[in-house]
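*Asks:* 3D, please:
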Amino acid sequence: MRTGDRREITVRRDVPAGAERRVAELYWAAFGRKLGPALHPPETGRRFLAAHLHHDRAVVALAGDRVVGVAGYQLGGRGLTGGGAADVLRAYGIVRGLPRLALLALLDRTPAPGQLVMDGIAVDADHRGRGIGSALLAEIARVAAGSGCDRIRLDVVDVNPRARALYERHGFTAVRTEQTPYLRRLMGFGAVTTMQRTLGDRRDERR
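*Replies:* Predicted coordinates for the structure are as follows:
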């Protein structure tokens, strides 16, 4: 990718066919520190993510036909990143797979009724500062409203103030913070803040 690529950015729902590897790379670049202990080594982790994506649980940003941003979400019992216990054990074996399942369980977040849970936003480094995160959040809000949800929930870790600032600009407020000092050495963060946005009757998100 060319640095400073100024091609028009378009936003669409669903992961395009053939872009699974690219989406996995973006997710790993953004969340590899958190996912790494469960899905390392990186190449195996990216391959696992690509193989088990739920294409219809994402909003993506495209520069031309290249994915440069992705926002995953959980709805109807499925999120962007799939793969069950059997898939993890098949990829890593029983001995290495069981502790990985325990770590993945720590990251699991189940939506409440009427709630869409975001899995995070990942934007290509060369395309940051172009409003892609904001465009993805706006489309996620439309997905939530169109699915009958009145709230969007997400978690942000204490070492990612830039993401938290983005969410606050889009109406998310903190509802609780969980201190996780036991995860600092393992996953690189020591606290997780749950944020929520109530959609209400915001007509602009329903268009």
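
*Asks:* the worst-scoring helix or strand of the chain on mean pLDDT: how far from the chain's middle?
*Replies:* One helix or strand of the chain scores below all others by mean pLDDT, DSSP states H and E: helix 184-187, with a mean of 73. The chain centroid and the centroid of helix 184-187 are separated by 19 Å under Cα atoms, centre = their mean, to the nearest Å.

*Asks:* from the contact counts, what lies against that helix?
*Replies:* Applying 3 or more Cβ pairs under 8 Å, 6 or more residues apart in numbering; DSSP states H and E, we find helix 184-187 packed against helix 20-39. (Each C-beta comes from the backbone N, C-alpha and C, glycine too.)

*Asks:* partners of the helix or strand that the least confident helix or strand of the chain is followed by in the sheet?
*Replies:* Downstream of helix 184-187, the next assigned helix or strand under DSSP states H and E is strand 191-198. Note on strand 191-198: by DSSP bridges, its sheet partners are strand 151-157 (antiparallel), strand 173-179 (antiparallel).

*Asks:* out of the ones you listed, the one nearest Y92 is which?
*Replies:* strand 151-157 (24.5 Å; Cβ to Cβ).

*Asks:* buried set for that closest one?
*Replies:* R151, I152, R153, L154, V156, V157 (16 or more other Cβ atoms under 10 Å).

*Asks:* same check, this time on stretch 131-138
*Replies:* Going by neighbour count (16+ other Cβ under 10 Å), the buried part of stretch 131-138 is I132, G133, A135, L136, L137, A138.

*Asks:* show me what it is in contact with.
*Replies:* 9, 11, 59-61, 68-71, 121, 123, 166-167, 169-170, 205 (Cβ atoms under 8 Å, 6 or more residues apart in numbering).

*Asks:* try 10 Å this time
*Replies:* 9-11, 58-61, 63, 68-72, 118, 121-124, 127, 152, 154, 162-163, 166-167, 169-172, 197, 204-205, 207 (Cβ atoms under 10 Å, 6 or more residues apart in numbering).
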